[in-house]
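Peer 1: need coordinates for the following:
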Amino acid sequence: MSTLIIGKDAPLEDTLSRFKGITQNLGLDLKEHNWLNPLPGLWSVELSDSSLPKQVYSNGKGATRLAALCSAYGEMLERLSNHAFFSDYYLGLNNSLEPCVHYSDEKWTPLPEPDENGDLPEGALDLPTDILNASLRKFYTENLELKLDALVDLGSSSYSRGVCSLPFTNARNGELVYFPINLLDNLYGSNGMSAGNTQYEALVQALSEIIERYVKREIIKKGLSLPEIPEQILKLNATSYETLQGLQGPSLKVKCYDASLGGRFPVICAVMFNQSNGTCAAAFGAHPMFAVALERTLTE
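Peer 2: Okay, the predicted model is just below:
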């Protein structure tokens, strides 16, 4: 049996088999726990490695049990691939001396050596041209003083080797730009990380997440009021609408709002109002396909 859902480039069964195979080949012993199915079309699960359950773990959500499990394995692989689980740890002296500490295509920019008096020439710690590009260097230094020695990454903590950077390709013009790992870990965390059955599926997921968080920030920062999505539009997505109806209760009301900011971004916002104490909680979801964005918002 093959289960192909909208927005995915392979059946869920194939995805799960392939993702499980990858984790097993890596020697991981992953355990499923804390399965939840509070409503029709609403599943979640936690996945963790038996030897390091507090460090190596992920969460999965979906409209079905299988979709939630695939989601959990996808998040596990995205974070493994991006070395996210140990980005807050010093990896030890032996690792810092390896030919490559993080990735085989990493690049090191040495720190300038002080003179015999222990002094550095003026401007010696300014960001060099081989890190970021001119516009990004301006962006990161516009409102604060960012010096080269502040960009040594925690994983290596190797001031003798300097600043470790990874190559990123500008999607607009193909320019290769080296980003310091320190900036990636401290400013972005898991934002924009993704895994998928194909390159384009992963790219759509990563871009959707970045857009979702940007829109959320803009709404909160500017105190924007959003238009409610008409019920007749929500009804076109039967499974998600059933989930939405199931979330309603005597003291709980859930509303879905158009967070596209005037049709510019594929983002939906769902707000749950607790009428018994006057509080509320909001969730956001993004995807070029409305049905996928709606499902993501409700499962979130």
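
Peer 1: what strands line up against the lengthiest strand in the chain, and which way round?
Peer 2: When the chain is parsed with DSSP state E, its longest strand is strand 30-39. Paired strands of strand 30-39, with direction, are strand 42-49 (antiparallel) (DSSP bridges).

Peer 1: report the angle between whichever helix or strand comes after the strand it pairs with and strand 42-49.
Peer 2: With elements assigned by DSSP states H and E, the helix or strand that comes after strand 42-49 is strand 57-62. Taking axes from the mean of the first three to the mean of the last three Cα atoms, to 10 degrees, one finds strand 57-62 and strand 42-49 inclined to each other by 160 degrees.

Peer 1: enumerate the positions of strand 57-62 that are buried.
Peer 2: By neighbour count on 16 or more other Cβ atoms under 10 Å, the buried set for strand 57-62 is Y57, S58, G60, K61, G62. Bear in mind the C-beta positions are built from the backbone N, C-alpha and C, glycine included.

Peer 1: which among the residues you listed gets closest to V177?
Peer 2: The shortest approach to V177 among the buried residues of strand 57-62 belongs to S58, at 28.8 Å (Cβ to Cβ).

Peer 1: quick one: the closest one and S44 touch, right?
Peer 2: No: counting by Cβ atoms under 8 Å, S58 stays clear of S44, with 11.3 Å between them.

Peer 1: circling back: got the contact list for the longest strand of the chain?
Peer 2: 20, 23, 43-50, 53, 65, 69, 72-73, 76, 243, 246-247 (Cβ atoms under 8 Å, 6 or more residues apart in numbering).

Peer 1: got a list of contacts for stretch 122-132?
Peer 2: In contact with stretch 122-132 (Cβ under 8 Å, 6+ apart) are residues 107, 109, 111-112, 137, 140-141, 146-149, 151, 163, 165, 177-180.

Peer 1: kindly recompute the last result at 10 Å.
Peer 2: Residues outside stretch 122-132 that contact it (Cβ atoms under 10 Å, 6 or more residues apart in numbering): 107, 109-114, 136-141, 145-151, 163, 165, 168, 177-180, 183.

Peer 1: which ones among these map onto strands?
Peer 2: Using DSSP E, the members of those that fall in strands are K107, T109, V163, S165, F168, V177, Y178, F179, P180.

Peer 1: could I get the longest helix belonging to the chain in CSV with only the CA atoms?
Peer 2: The residue-count maximum for a helix in the chain (DSSP state H) belongs to helix 199-222. Taking Å, rounded to 0.1, in the frame of the first residue of the first chain, the C-alpha atoms of helix 199-222 are listed here in CSV:
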residue,chain,number,x,y,z
GLN,A,199,16.0,18.5,-3.0
TYR,A,200,13.0,20.7,-3.9
GLU,A,201,10.8,19.2,-1.2
ALA,A,202,13.5,20.1,1.4
LEU,A,203,14.0,23.6,-0.1
VAL,A,204,10.2,24.3,0.1
GLN,A,205,10.1,23.1,3.7
ALA,A,206,13.1,25.3,4.6
LEU,A,207,11.9,28.4,2.9
SER,A,208,8.4,27.9,4.3
GLU,A,209,9.8,27.8,7.9
ILE,A,210,11.9,30.9,7.4
ILE,A,211,8.9,32.8,5.9
GLU,A,212,6.6,31.6,8.7
ARG,A,213,8.9,32.9,11.4
TYR,A,214,9.5,36.2,9.6
VAL,A,215,5.7,36.8,9.3
LYS,A,216,5.1,35.8,12.9
ARG,A,217,7.8,38.3,14.0
GLU,A,218,6.3,41.1,11.8
ILE,A,219,2.8,40.5,13.2
ILE,A,220,4.0,40.6,16.8
LYS,A,221,6.4,43.5,16.3
LYS,A,222,3.8,45.7,14.5
